[in-house]
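> need a 3D model of the following:
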Amino acid sequence: MTLYFLIIEVFIFQTYFRKWFFCCYYIAFVIAIAAVIYLTKWSRKRHDETGEVFPIISTSIAILILAPTLVFFLSGMPASLEIAALKGFNFKGGLTLIPELLALAFALSIYTATYIAEAVRAGIEAVPQGQKEAAHALGLKDSTILKKSCTSSSFKSNYTSCYKSIS
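Alright, predicted model coming up:
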């Protein structure tokens, strides 16, 4: 009788404990997003005051990846991977990925990426040459011209082109 109650208690504990861990992952991700938003505002304020550029993209990606990963390891790694083992005439356990599914996912990804890349290229080419020359006259580097001038000017045409090609 005691063993029966122990099994029930362990089952209930594991069920609610796992739900709590997944809740912690979501909370960690939301906190990471809030931290990225705060960091972005802080870096803009710092840039306006001192003129120093803060590496916001790499820092944001690190925060978004490391916060849930840290919670995962602190929680005792509740998820586990199962290694496939040959039992009888078939494999048991592990993960099965059908080669056709992988080929289809790869093909659709490349197909969609070509449309988006062409729309972005056309949008950047649509920026008037005079705007690029004016940015050169100000003494900006080519990479800065592309980031600040061309990309921002071509965003509207890029957005509408990408939206029309996908839908």
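> show me what counts as buried in stretch 139-151.
For stretch 139-151, the neighbour count (16 or more other CB atoms under 10 Å) marks L140, I145, L146, S149, C150 as buried. Glycine gets a C-beta too; all of them are placed from N, C-alpha and C.
> I figured I56 hits K41, correct?
No - if you go by CB atoms under 8 Å, I56 and K41 don't touch, sitting 10.3 Å apart.
> quick one on the thing from earlier: which one of the buried residues of stretch 139-151 is nearest to Y26?
Closest approach to Y26 among these (CB to CB): L146, at 37.0 Å.
> quick one: that closest one from G93, how far?
Look at L146 and G93: by CB to CB, to the nearest Å, they are 49 Å apart.
> distance of I145 relative to A134?
10 Å.
> look at I56 and K41 and report which has more neighbours.
Neighbours per residue (other CB atoms under 10 Å) separate I56 from K41, with I56 holding more: 15 against 10.
> next one, pLDDT for that one please.
What the model reports for I56 is a pLDDT of 90.
> disregarding residues adjacent in the polypeptide, which is nearest to it?
S43 (5.0 Å; CB to CB, 6 or more residues apart in numbering).
> and the one you found, that one's in a helix?
Yes - under DSSP: H, G, I helix; E, B strand; the rest coil, S43 falls within a helix.
> that one and E52 touch, don't they?
No - with contact defined as CB under 8 Å, S43 does not count as touching E52 (9.1 Å).
> between those two, who's got more neighbours?
The neighbour comparison of S43 against E52 (other CB under 10 Å) goes to S43, with 17 against 8.
> what is the neighbour count of V127?
The burial count for V127: 19, using other CB under 10 Å.
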